[in-house]
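> Turn this into a model:
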Amino acid sequence: MYEDEASFRQAPTLHQTGAPIGAQPQVPTHGRRNTQKILGAVSLYDAKFAYRHQTEYFNAVTYVDFLDQVVLPTFYRRGRRIYLIQDNASYHKKPEVYEWFTEHRKRLEVFLLPPYSPEMNAIEPLWHYTRVSGTHNRYFDTPEELCRSLFSTFDDIQRNPGKIMGYLGPFF
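Here you go, the predicted model:
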């Protein structure tokens, strides 16, 4: 399974959309710079997706909590080892994270992607899908509205993993 973190801005982002010739689409904005932070993991073989909304900045403690409280319960099955593929975020390589990996080495093995290679991380297309279907060309008056849209998109992916299988195909 692949793991990554993403931040989604409350400020609107424009993306491809249809409009009459000469009439540029308008999305209101209020100029606030609020972002919502998400840790996520996706399995290649069944497109199982798990996430956690993070209220603080990403760090080693929040990452270990995500692994412990979300990744292991969601992806680990007795007698089947998890192969975790992650990027080179600085907090992924902190001593407390390596200590956690050592404690759980019978259930989980970690592989690092090469530095600066998001194109090799299978969850990146899922973040793109989330932006296109959940945040682009939309106005969110409050952070709660943005969260509702994100969680709705994520819940839809969890209920209908077939929606993202096409994005995962190139990583087999």
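> Could I get the phi/psi values of the residue of the chain most remote from its centre?
Within the chain, the residue lying farthest from the chain centre (CA atoms, centre = their mean) is residue 22, at 36.1 Å. The phi and psi values for residue 22, taken as degrees, to the nearest 10, are phi 80, psi 0.
> separation between the residue positioned nearest the centre of the chain and residue 142?
For the chain, the residue nearest the mean C-alpha position is residue 40 (3.8 Å; CA atoms, centre = their mean). From residue 40 across to residue 142, the span is 23 Å (CB to CB, to the nearest Å). Glycine gets a C-beta too; all of them are placed from N, C-alpha and C.
> again with residue 92
For residue 92, the distance to residue 142 - CB to CB - is 32 Å.
> Please apply the same query to residue 45.
Distance, residue 45 to residue 142, using CB to CB: 38 Å.
> So which of these two has more stuff around it?
residue 142 (12 against 9; other CB atoms under 10 Å).
> still on that earlier bit, if I pick the residue nearest to the centre of the chain, what's in contact with it?
By CB atoms under 8 Å, 6 or more residues apart in numbering, the contact set of residue 40 is 3-6, 49-52, 123, 126-127.
> element containing it, please.
Assigned by DSSP states H and E, residue 40 falls within strand 35-42.
> Give me the next element, helix or strand, following that strand.
strand 49-54.
> and the direction of that following strand versus that of strand 35-42, what angle?
Relative orientation of strand 49-54 and strand 35-42, computed by axes from the mean of the first three to the mean of the last three CA atoms, to 10 degrees: 150 degrees.
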